[in-house]
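**Q** Mind looking at a prediction? Sequence and model below.
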Amino acid sequence: MIILVGIVSLIGIFYVSRKISGSISSLSKEVDNSRLVKEIPELHATGIQEIDQFSSAIIDLSQEVLETSTKFLNIMNMASIDIGGYEIKKGSKNVYVTDNFFLLLGIDKVTLPLTYEQFEELFKEVERDYQVEIENENERIYCIKNM
């Protein structure tokens, strides 16, 4: 009898752990896929309340970040402030450049998106012609006066 209870317990433990890990694994894949297409994810319910609440919080936070950045961009456009920027994520060769970044620097005829190598080649001119105003481990800020 004890052996039967032990076997049933092991089967139960295996089933529950597979159900939980399977749900988390599929959720993880959905998050990874949404990151590649750069959209706010639509995460499916796992059936585990705590994980579903966490997923919902991720979606809500992503939506808030998008809305805030859109508002900021609209304010900057209404204020007629010319600002440009770029981002290269650590450990990645993905480059994000604002549409007007190179125009502000007097470099025209740049077709976006750029590869890391194309950006590096174009940015050599910036490094040569402009002085860094603020620099730390994660950012470098240049001030370009009206020409």
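**A** Received the coordinates, thanks. Keep in mind the model is a prediction, meaning the values are calculated, not measured.
**Q** now the strands for this protein?
**A** Counting by DSSP state E, the chain has strands at residues 86-88, 95-97, 132-135, 140-142.
**Q** Tyr116: which of those is closest?
**A** strand 95-97 (5.4 Å; Cβ to Cβ). Every residue, glycine included, has its C-beta placed from N, CA and C.
**Q** List the contacts of that closest one.
**A** When contacts are defined by Cβ atoms under 8 Å, 6 or more residues apart in numbering, strand 95-97 is touched by residues 84-88, 112-116, 119.
**Q** run the last query once more with 10 Å
**A** 38, 84-89, 110, 112-120, 122-123 (Cβ atoms under 10 Å, 6 or more residues apart in numbering).
**Q** Which among those count as buried?
**A** If you count burial by 16 or more other Cβ atoms under 10 Å, the buried members of the contacts of strand 95-97 come out as 114, 119, 122-123.
**Q** pLDDT and distance to Leu27 added to the residues you listed, as JSON lines?
**A** What follows is those, written out as JSON lines (pLDDT from 0 to 100; distance: Cβ to Cβ, whole Å):
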{"residue": "Leu114", "pLDDT": "81", "distance to Leu27": "33"}
{"residue": "Phe119", "pLDDT": "86", "distance to Leu27": "34"}
{"residue": "Leu122", "pLDDT": "83", "distance to Leu27": "39"}
{"residue": "Phe123", "pLDDT": "81", "distance to Leu27": "38"}
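**Q** about what we covered before: winner for burial among the strands of the chain?
**A** Among the strands of the chain, ranked by average contacts under mean count of other Cβ atoms under 10 Å, first place goes to strand 95-97 (a mean of 18).
**Q** Can you tell me how far Glu135 is from Leu4?
**A** When distance is defined by Cβ to Cβ, to the nearest Å, Glu135 is 69 Å away from Leu4.
**Q** Then Ala57?
**A** Distance of Ala57 to Leu4, given as Cβ to Cβ: 43 Å.
**Q** again, but for Ile59
**A** Look at Ile59 and Leu4: by Cβ to Cβ, they are 45 Å apart.
**Q** out of those two, which sits in the more crowded spot?
**A** Using other Cβ atoms under 10 Å as the criterion, Ile59 and Leu4 rank with Ile59 on top: 15 against 8.
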